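[1] Sequence isn't available, so here's the structure alone:
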Ligand SMILES: Cc1cc2nc3c(=O)[nH]c(=O)nc-3n(C[C@H](O)[C@H](O)[C@H](O)COP(=O)(O)OP(=O)(O)OC[C@H]3O[C@@H](n4cnc5c(N)ncnc54)[C@H](O)[C@@H]3O)c2cc1C
């Protein structure tokens, strides 16, 4: 379908109510006022929104739309766990090998165990459980609250590991380094001047990154480098040798090292060879 966005939004509104007259009636406006409000919102880069409440529908506008949701255990199709002495309607408790306590032959992977309600966590758990079934002493360590997570909004939000609050609560000597996500030459090609902050959380006792959060355009693809740094606990003097190519957005890592050095008034650069232990 072609047409200017304002026209399309108006058509969507009319589609929702059946006709412009019905939309105007529900909104207690004249058809001309509905058209004018949608056009005005479009001019101001606002999104026309219909808000429904106990007192009826209202046409309003917003600069951003944030959708939030929660999830609950689906109790509509009971699993019949009663025969095992377990209860339906809740998460199945598992140990780090994904086995249900007291039933060493029963593995529960994915959302059902409530550890991390994400597809990639379920896939990771499947590998751990399969390895364990095959006799390896595999343990799941990356599917807790610090699992990689992406909110696919615009801008995207991508995070891994501990937030600053979580790190401090866990007793980590944590410090946050905040940087503008678009503060690199590479961002000129992708997301020039776009708002968004990147936060690295560093354990200053051990000089390792324990968490990272990226906010900005298409930052989901940034996440895996941070995940590797967090999971492998790469010491910053080693990380400083991981040179980011110019001009790419990966130079955010260079900006991070520079900012950390400024903050700590100490260099982490090249203080040891890569073959030396951390
Ligand atoms: C709106 C939404 C968006 C999401 N977006 C993302 C995302 O972007 N990235 C991400 O990583 N994750 C996302 N998730 C989470 C992701 O979908 C889940 O973590 C993932 O699907 C879990 O996989 P699973 O196999 O454990 O469970 P499911 O995918 O829920 O599979 C369980 C299956 O078991 C079936 N079942 C249930 N009870 C019975 C029964 N009694 N008998 C037989 N079959 C039964 C169900 O019908 C279902 O097919 C999203 C979830 C939602 C709801």
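    Sure, I can see it. No experiment lies behind these values; they were computed from the predicted model shown. Residues are numbered from 1 along each chain as shown.

[2] Just checking the longest helix along the chain against the ligand, any contact.
    Longest helix in the chain by number of residues, with DSSP state H as the criterion: helix 119-133. Yes: counting by C-beta under 6 Å from any ligand atom, the ligand has neighbours in helix 119-133: 119, 120, 122. The way it works is simple: take the backbone N, C-alpha and C, and place the C-beta from them, glycine included.

[3] Most neighbours of all those residues, which one?
    Neighbour tally across the residues of helix 119-133 next to the ligand (other C-beta atoms under 10 Å): the maximum, 17 neighbours, falls on residue 122.

[4] Surely it and residue 111 touch.
    Yes: using C-beta atoms under 8 Å, residue 122 is in contact with residue 111, at 6.8 Å.

[5] Please enumerate the helices of the protein.
    So, for the chain - with DSSP H - the helices run 5-17, 20-27, 31-43, 119-133, 164-169, 223-231, 236-239, 252-264.

[6] Tell me which of the ones you listed lies nearest to residue 104.
    The closest of those to residue 104 is helix 119-133. By C-beta to C-beta, the value is 10.1 Å.

[7] I would like the residues contacting that closest one, please.
    The contact list for helix 119-133, computed with C-beta atoms under 8 Å, 6 or more residues apart in numbering, reads 97-99, 107, 109-111, 113, 115, 138-140, 142-143, 147-148.

[8] What residues does the stretch 1-150 of the chain have near the ligand?
    So far as C-beta under 6 Å from any ligand atom goes, the stretch 1-150 of the chain lies against the ligand at 77, 79, 110, 111, 112, 117, 118, 119, 120, 122.

[9] Just the buried ones from those residues?
    Among these, those classed as buried by 16 or more other C-beta atoms under 10 Å are 79, 110, 111, 112, 118, 122.

[10] Between those, which sits nearest residue 34?
    residue 118 (40.9 Å).

[11] just checking, that closest one touches residue 145?
    No: at 11.1 Å, residue 118 and residue 145 do not qualify as touching, with contact defined as C-beta under 8 Å.
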